[in-house]
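Asker: quick one: sequence and predicted model below, then my questions.
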Amino acid sequence: MSSDSKKVRALGLCSGGLDSILSALVLREQGIAVEWITFETPFFSSDKAEKASQHTGVPLTVRNITLVYLEMLRNPRCGYGQHMNPCLDCHALMFRLAGEVMQDRGFHFLFSGEVVGQRPMSQTKPSLRYVEKHSGAEGYILRPLSARKLPETIPEKEGWVKRELLLGLSGRSRKPQMELADKFGITDYPAPAGGCLLTDKGYSNRLGDLFAHQESHAENELHLLKYGRHFRLENGAKLIIGRSEKENEQIVRYHNPDTDMLLNTEDIPGPALLIPRGCDRDTLLLAASVCVGYSKASADVSVSLTLAEPGGREVIRAKRVSPDTIRPFLLL
């Protein structure tokens, strides 16, 4: 490693959490040139990883993997966790994609911040082994924080990494990581809470409903699952109703004007009501009445609403219907 051309280069998966940060710094302390890659979808963002890169100076590549992720998510080999989180197959996919970058850009090996035993399902030794076996990068995945608890990897066997300078952490205690963070002068890092929406019960229920009713899913439809009240009517039509001004803005932002219907009350405060991929006229009139029902309109007052749909815009009128009318169809 006497010259830049011979310097060992490692590419790490980065979530932006403390373990990701420490795994890179432990390797960098050995003189290894470390970089990160992070993946984003509507289910998880790159925000934390970008912040970690800014704080540490570790270069970061961000890739959107929504399309390939959806292929895996519909039928994960290992199934789902408590909700719709396919953690093992998710990690295997990310390592596979990172492995392609490793080959293309001449990195020597991959690494991550995983700690043996920290997560009871996804970070057991068998789970880590499963991920490696299905990653396409078998032998080239180093976990610096737990390396001395795991079999020796190719980077260690080849002398690219000094095993004696790696760690042997295990278990759920965060104390060793916090002490190591102090050593490196790392004070600003996120709490170890998951940032994946697929572990959220409400989001998972909405996603499961979407999978049950549609064979294809545009990225904006996955973002829409984060906002508003969601109803699936008996005829299969979907209604999304904003609960606040902020949610109204997000519903408008992510709706598709080429396929969706969007309702807004004209002269009184009310929600944005979205009908993804449209509906028949009777359902539209029901939706308009429900939209008025969620507004500030008085009973028995006819209200004007703006309808934006693929064919253009029009004004329709509707009277208030109680939200209880469709409450049985609410997706919790």
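Answerer: Ah, there it is.

Asker: specify the local secondary structure of residue 299.
Answerer: Three-state assignment for residue 299 (DSSP: H, G, I helix; E, B strand; the rest coil): coil.

Asker: where does pLDDT dip in the stretch 1-150 of the chain?
Answerer: 1-5, 120-121 (pLDDT under 70).

Asker: all helices for it, in order.
Answerer: For the stretch 1-150 of the chain, the helices defined by DSSP state H, counting those that start in this stretch cover 18-28, 47-56, 66-74, 87-105, 125-133.

Asker: out of those, which one sits most buried?
Answerer: When the helices of the stretch 1-150 of the chain are scored by mean count of other CB atoms under 10 Å, the highest mean neighbour count falls to helix 18-28 (a mean of 24). Bear in mind the C-beta positions are built from the backbone N, C-alpha and C, glycine included.

Asker: the inter-axis angle of that one versus helix 47-56?
Answerer: 40 degrees (axes from the mean of the first three to the mean of the last three CA atoms, to 10 degrees).

Asker: ok, how many other residues are close to the nearest residue to residue 317 once chain neighbours are set aside?
Answerer: Spatial nearest neighbour of residue 317, excluding adjacent residues (CB to CB, 6 or more residues apart in numbering): residue 302 at 5.0 Å. Residues lying near residue 302 (other CB atoms under 10 Å) number 10.

Asker: state the distance from residue 302 to residue 291.
Answerer: Per CB to CB, to the nearest Å, residue 302 is found 13 Å from residue 291.

Asker: shared neighbours of those two, anything?
Answerer: Here residue 302 and residue 291 share the contacting residues residue 318, scored by CB atoms under 8 Å, 6 or more residues apart in numbering.

Asker: the stretch 201-332 of the chain: strands as residue ranges?
Answerer: Along the stretch 201-332 of the chain, the segments classed as strands by DSSP state E, counting those that start in this stretch run 229-232, 238-241, 261-265, 272-275, 303-309, 312-318.

Asker: okay, those in a markdown table with mean neighbour count next?
Answerer: Output for the strands of the stretch 201-332 of the chain, formatted as a markdown table (neighbours: other CB atoms under 10 Å):
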| stretch | mean neighbour count |
| --- | --- |
| strand 229-232 | 20 |
| strand 238-241 | 25 |
| strand 261-265 | 22 |
| strand 272-275 | 24 |
| strand 303-309 | 18 |
| strand 312-318 | 12 |
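
Asker: hmm, back to that, for residue 275, find the nearest of the helices of the stretch 1-150 of the chain.
Answerer: Closest of the helices of the stretch 1-150 of the chain to residue 275 is helix 66-74, at 22.7 Å (criterion: CB to CB).

Asker: which stretches of the stretch 151-300 of the chain form helices?
Answerer: Using DSSP H, counting those that start in this stretch, helices in the stretch 151-300 of the chain cover 154-157, 175-184, 201-213, 219-224, 245-254, 281-293.

Asker: and these: which comes nearest residue 122?
Answerer: The nearest among the helices of the stretch 151-300 of the chain, by CB to CB, is helix 201-213 at 16.5 Å.

Asker: for that closest one, name the packing helices and strands.
Answerer: Helices and strands touching helix 201-213, as assessed by 3 or more CB pairs under 8 Å, 6 or more residues apart in numbering; DSSP states H and E, comprise helix 219-224, strand 229-232.

Asker: distance from the chain centre to stretch 235-255, please.
Answerer: Distance of stretch 235-255 from the chain centroid (CA atoms, centre = their mean, to the nearest Å) equals 20 Å.

Asker: what's the average pLDDT for it?
Answerer: Averaged over stretch 235-255, pLDDT sits at 98.

Asker: tally of neighbours for residue 270?
Answerer: 22.

Asker: ignore the last one, residue 218
Answerer: Neighbours of residue 218 under the rule other CB under 10 Å: 15.

Asker: next, name the residue at the spatial heart of the chain.
Answerer: The C-alpha lying nearest the average C-alpha coordinate of the chain belongs to residue 44 (CA atoms, centre = their mean; 1.8 Å).

Asker: for that one, give the beta-bridge partners.
Answerer: Counting by DSSP bridges, residue 44 is bridged to residue 41.

Asker: with residue 266 as the reference, name the closest of the helices of the stretch 151-300 of the chain.
Answerer: Residue 266 lies closest to helix 281-293 among the helices of the stretch 151-300 of the chain, at 10.7 Å (CB to CB).

Asker: which residues sit against the closest one?
Answerer: By CB under 8 Å, 6+ apart, helix 281-293 touches 233, 235, 237, 239, 241, 261, 263-265, 270-271, 273, 275, 279, 303, 305, 307, 316, 318-323, 325-326.

Asker: what does stretch 44-54 give?
Answerer: Stretch 44-54 is touched from outside by 14-17, 20-21, 36, 38-40, 58-60, 62, 189-190, 195-197, with contacts defined as CB under 8 Å, 6+ apart.
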